[in-house]
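K.L.:
Mind looking at a prediction? Sequence and model below.
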Amino acid sequence: MTKPYEPNIIEKTVQASWDKEKRYEVVADDREKFYCLSMFPYPSGKLHMGHVRNYTIGDVISRFKRMNNYNVFQPMGWDAFGLPAENAAIANKVNPNDWTQKNIENMKDQLKSLGFSYDWSKELRTCDTNYYKWEQLIFKKFADRGLVYRKKAIVNWDPVDNTVLANEQVIDGKGWRSGSQIEIKEIDQWFLKITDYAEELLTSLEKLDWPENVKTMQKNWIGKSIGAEIKYTLKGSEESLTAFSTRPDTIFGVSFIAISPNHSISTELAKNDDSLAQFLAQCKEISAAEADMAKAEKLGYKTKIKAIHPITKELIPVWIGNFVLLDYGTGVVMGVPGHDQRDYEFAQKYGIDIKQVIKVDDNDQLPLLDKGKLINSPGFDGMASDSAIKKINKYLEENNLGKQLTQFRLRDWGISRQRYWGCPIPAVYEDGVPRILEENELPVELPELEKNSPPIPLSKNKDFINISNKTKREADTFDTFMDSSWYYARFPSADNDKEIFGEDSDYWLPVDLYIGGIEHAILHLLYSRFFHKALRDMDMVKEDEPFKKLLTQGMVLKDGAKMSKSKGNTVDPQPYIDKYGADTVRLYMMFTSPPEQSLEWSESSVEGASRFLKKVWSLVSSRKYNDFKEDPEFTKEDLALRRKAHATLKKVENDYEVRYSFNTAIASVMELLNFIPDEYKANDASDAQKFCLDETIIFILKMLAPITPHLSEHLWNSFFVDDLAVDAWWPKFNKDLLEVEEFDLVVQVNGKVRGKTVINKNLDEKEIETEALSLENVKNTIGANKIKKVIYIKEKIINFVI
RNA sequence: GGGGAUGUGGUGGAAUUGGUAGACACGCUUGGCUUAGAACCAAGUGCCGCAAGGUGUGGGGGUUCGACUCCCUCCAUCCCUACCA
């Protein structure tokens, strides 16, 4: 009788030996380096299945690379600042730091129990002064390079709670706690000039080994467009409005101008117009989130102002539209209802002229969004859109009415947050004038709170704010995306308190493989790329890009939505680890779907994963490797097993290394295990049979080692003769063993399968055809019909067309 | 509203380059073992049909000798939309 498989005992023992020998703490050496990074978590309390999936993927790849003789660095840390800590602090009257640290300890224990091969000596927490002090320094250096400025920007304001709300905290236009109608408010904030890098962020996407969909998303987000700025002078005024358009060829179709409710003209007019003032107030009753604005009903208010069309000199009404954003382009839209969907709807609603100025054919329906030939455009009629654009731009430029311009959709990054639990922005106000602190005035430490007292905003913390009568400290903290924009570069130097990026960072950067959720495809990844390029330009890092290769995992969903603490739909892995062991949980997560796909959580086949590991256990645990000095004589059946084992190894290698397709790798190993004939396991098996089984076992343990490291290591140590750990080497398949003399041929008639037959590889095409035609079912189907055509695909298929 | 993805048995999924649809599992059914259950073992399992056969990859259309795969169109679901991380 073999002992039962007791994963919890095995796993604790194996993990203890890793800790003792510090197996996964690494330093520079001669091997090729591999920096494998999984996105660090926000310490929300407990791990959920989304984390388990993400971190298992990273660990499987790290372990596979390590077995293939790479020097692998896989760190872990904590994105520790953020809103949930403050929410928890308010709800439960706990100190956000205590709450966060406790969560970190919990989650760290969970990560350790899952057996991830992290180098914990480089752990970092963004809420540590030794982390964020460097962030304040980066900010100062960015400022010195002219990448920092201040401007007004809109926020969600809760007039009852007197606080700024995050978009997430606004539900149907109401504050989540107070329930009151929120309003948009403009406040002064710090900005980073990410737009200075717009062009490079766009062009260097090409160099990246990233999934195409992520690159496309970033490209569209940056949104480079070539168009023209067109000046509309206002009637009876020196003032003018400038609108940007990518379609100057439709300029003769302009029948209104729309400006933002926040535009200075709007505010000016409202002073003497109560109904307009009311309209502007109404426009503020909408959340600042783009999705909400886009969904809101398009509303307009017609002013008495007229703009002069730059070419026809006709008078055009100026409207105020709630869909026009001030900090978006110029805050002025030229309305061309005939050729723009949104303008069309707006014009229909308010009875504004809709003119067709582009023609494609006689069946044109408005709005017509395609390019075509110009009509109703005096002086340009009959021209194709593209040449008309050039002509019109030239005309505008010569007459000082506008100019050709490249514009980006990307906006500068507002980094001010009106919160407590974040990195203090290192600035002061001297007589109200902002000044960013000098290097020798850093760090600005986040003031500690009383035990168990809820956070008060920094703006209300007098001890912190008031430096002197004239000098006040900045009360805002950084956006937490700042914290996560450079952590990848800090990790190798996490234990270095002398330099921000020491020689360890130099050695390990860039990240060779970055793994994380697809939800970060745009913001986090774009901000990090921007940081990296700015740091490069200050000679703080080399390379142009931080993440060479990217693997985006799909969401783990529960009840049809992304698993997250705030939605309250998380599934804790702990009960599963306790019941089945970490190896089973890891195996199940990898087996249940490929990494990129989103996945509705279900525990339905955890049992299957567990069952498979028990089978491996019962096959290997009481067995010892037979150290044959020379190869025995193999029968045909022996060779079939060896072929299967070597073919599986080849496939699994490809699945791990190239395809990141762990579910199919596991399926192949399961298939291999099922393929072993029972007599090979018996005591009276022949030497050749024992040899083949031993070889198969070696392959199985090695192939599983990245996914189920504890079981593999334990069985390896009891089974094999050398004293190297299971992750010391990866086996090599023998390609001579993969050769076969025969293949299965599928025989089709008119594309439908009518038979299958085994064909010797030596036969020529004519012989194969005869062979196929001799099949009973094929003969019957063809009957008296004449064969019109024969299609033969080498060693796969033959199709008779009748 | 915009951008990106996904859709295959009762369930998770496989089919890697346009070439056998449903590998590998879960579940279920039947049988074995057992006092009984659990566990384990064996066989079966897309749908319709006694069978021959037909049919089948979200719906509709197309290209092709051949389509889960390519094209058009519609529908559903998920993610992002700049202050959740």
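P.N.:
Here it is on my side, so go on. Numbering: from 1, shown residues only, chains lettered A, B, ... in the order given.

K.L.:
Let me know the secondary structure of A:K624.
P.N.:
Following DSSP: H, G, I helix; E, B strand; the rest coil, we place A:K624 in the coil state.

K.L.:
again with A:I798
P.N.:
Assignment for A:I798 (three-state DSSP): strand.

K.L.:
where's A:E767 relative to A:V164, distance?
P.N.:
In this view, A:E767 and A:V164 are 80 Å apart by C-beta to C-beta, to the nearest Å. Placement of C-beta: from N, CA and C, glycine included.

K.L.:
out of the two, which sits in the busier spot?
P.N.:
The neighbour comparison of A:E767 against A:V164 (other C-beta atoms under 10 Å) goes to A:V164, with 20 against 12.

K.L.:
What is the three-state secondary structure of the more buried one?
P.N.:
Classification of A:V164 using three-state DSSP returns strand.

K.L.:
State the mean pLDDT of stretch A:75-86.
P.N.:
When pLDDT is averaged over stretch A:75-86, the result is 96.

K.L.:
Kindly report the same for stretch A:89-108.
P.N.:
For stretch A:89-108, the mean pLDDT works out to 93.

K.L.:
quick one: least confident helix or strand in chain A?
P.N.:
helix A:776-782 (a mean of 84; mean pLDDT, DSSP states H and E).

K.L.:
Can you give me the distance of the closest residue to RNA strand B within the stretch 301-450 of chain A to A:P4?
P.N.:
Closest to RNA strand B within the stretch 301-450 of chain A is A:R411: 3.7 Å, counting by C-beta to the nearest atom of the strand. In this view, A:R411 and A:P4 are 61 Å apart by C-beta to C-beta.

K.L.:
in the sheet, who's paired with A:G517?
P.N.:
Beta-bridge partners for A:G517, by DSSP bridges, are A:Q553.

K.L.:
For the stretch 1-150 of chain A, just list every one of the helices.
P.N.:
Along the stretch 1-150 of chain A, counting by DSSP state H, counting those that start in this stretch, helices occupy A:7-21, A:49-67, A:83-92, A:96-113, A:129-144.

K.L.:
anything in the second one near RNA strand B?
P.N.:
No. Using C-beta under 7 Å from any atom of the strand as the criterion, no contacts between helix A:49-67 and RNA strand B are found, and the smallest distance is 10.4 Å.

K.L.:
Run the angle between that helix and helix A:96-113 for me.
P.N.:
50 degrees (axes from the mean of the first three to the mean of the last three C-alpha atoms, to 10 degrees).

K.L.:
List the contacts of the residue of the stretch 301-450 of chain A closest to RNA strand B.
P.N.:
For A:R411, the contacting residues are A:195, A:327-328, by C-beta atoms under 8 Å, 6 or more residues apart in numbering.

K.L.:
Correct me if wrong, but it is in a strand.
P.N.:
No. Counting by three-state DSSP, A:R411 is not part of a strand but coil.

K.L.:
in stretch A:776-787, what's buried?
P.N.:
Within stretch A:776-787, the residues scored as buried using 16 or more other C-beta atoms under 10 Å are A:778, A:781-782.

K.L.:
Okay, now that stretch: how far is its last residue from its first?
P.N.:
With C-alpha to C-alpha, to the nearest Å applied, stretch A:776-787 spans 16 Å between its terminal residues.

K.L.:
So which residues make contact with that stretch?
P.N.:
Contacts for stretch A:776-787 (C-beta under 8 Å, 6+ apart): A:747, A:749, A:754-755, A:772-773, A:800-802.

K.L.:
try 10 Å this time
P.N.:
Contact with stretch A:776-787 is made by A:747-750, A:752-757, A:769, A:772-773, A:775, A:798, A:800-802, as judged by C-beta atoms under 10 Å, 6 or more residues apart in numbering.

K.L.:
With stretch A:671-687 instead?
P.N.:
The contact list for stretch A:671-687 (C-beta under 10 Å, 6+ apart) reads A:612, A:615-616, A:618-619, A:623, A:626, A:628, A:631-635, A:637-638, A:640-641, A:644-645, A:647-649, A:651-652, A:688-694, A:696-697, A:699-700, A:703-704.

K.L.:
give me that answer again for 7 Å
P.N.:
The contact list for stretch A:671-687 (C-beta atoms under 7 Å, 6 or more residues apart in numbering) reads A:615-616, A:619, A:628, A:632, A:637, A:641, A:644-645, A:648, A:689, A:692-693, A:696, A:700.

K.L.:
Report the next helix or strand after the least confident helix or strand of chain A in sequence order.
P.N.:
Using DSSP states H and E, the next helix or strand after helix A:776-782 towards the C-terminus is strand A:789-793.

K.L.:
That following strand: which residues count as buried?
P.N.:
By neighbour count on 16+ other C-beta under 10 Å, the buried set for strand A:789-793 is A:Y792.

K.L.:
before we move on, which element is the closest residue to RNA strand B within the stretch 501-650 of chain A in?
P.N.:
Going by C-beta to the nearest atom of the strand, RNA strand B is nearest to A:G608 of the stretch 501-650 of chain A, at 2.5 Å. Element membership of A:G608, judged by DSSP H and E, is helix A:606-620.

K.L.:
Now do the buried residues in that helix.
P.N.:
By neighbour count with 16+ other C-beta under 10 Å, helix A:606-620 contains the buried residues A:606, A:609-610, A:612-613, A:616-620.

K.L.:
and whatever helix or strand comes next after it with RNA strand B, contact?
P.N.:
Per DSSP H and E, helix A:606-620 leads on to helix A:636-654 as the next helix or strand towards the C-terminus. Yes. Using C-beta under 7 Å from any atom of the strand, helix A:636-654 reaches RNA strand B at A:651, A:654.

K.L.:
so what's A:F612 closest to, chain neighbours aside?
P.N.:
A:M670 (5.9 Å; C-beta to C-beta, 6 or more residues apart in numbering).

K.L.:
Which one, of the helices of the stretch 1-150 of chain A, ends up nearest to A:L763?
P.N.:
Closest approach to A:L763 among the helices of the stretch 1-150 of chain A (C-beta to C-beta): helix A:49-67, 40.4 Å.

K.L.:
Show me what the closest one is packed up against.
P.N.:
strand A:33-38, strand A:71-73, strand A:511-517, strand A:547-553, strand A:556-558, helix A:582-592 (3 or more C-beta pairs under 7 Å, 6 or more residues apart in numbering; DSSP states H and E).

K.L.:
Residues in contact with the helix or strand that the fifth one is followed by: which ones?
P.N.:
Moving toward the C-terminus from strand A:556-558, the first helix or strand encountered (DSSP H and E) is strand A:561-562. Outside of strand A:561-562, the residues that reach it under the criterion C-beta under 7 Å, 6+ apart are A:519, A:555, A:567, A:569.

K.L.:
Please point out which parts of whichever helix or strand comes after strand A:561-562 sit buried.
P.N.:
Sequence-wise, the next helix or strand downstream of strand A:561-562 (DSSP H and E) is helix A:574-580. Across helix A:574-580, burial judged by 16+ other C-beta under 10 Å covers A:576-577, A:580.

K.L.:
do stretch A:113-127 as well
P.N.:
Buried residues in stretch A:113-127, defined by neighbour count with 16+ other C-beta under 10 Å: A:113-120, A:122-127.

K.L.:
Also stretch A:521-531?
P.N.:
Neighbour-count burial for stretch A:521-531 [16+ other C-beta under 10 Å]: A:521, A:523-531.

K.L.:
near RNA strand B, which of these show up?
P.N.:
Contacts with RNA strand B are made by A:521, A:523-524 out of the buried residues of stretch A:521-531, judged by C-beta under 7 Å from any atom of the strand.

K.L.:
Among those, find me the one that's closest to A:T13.
P.N.:
Nearest to A:T13 among those, with distances taken as C-beta to C-beta, is A:H524, at 38.0 Å.

K.L.:
quick one: that closest one is in a helix?
P.N.:
Yes. Counting by three-state DSSP, A:H524 is found in a helix.

K.L.:
OK, contacts around it?
P.N.:
Counting by C-beta under 7 Å, 6+ apart, A:H524 touches A:481, A:484.
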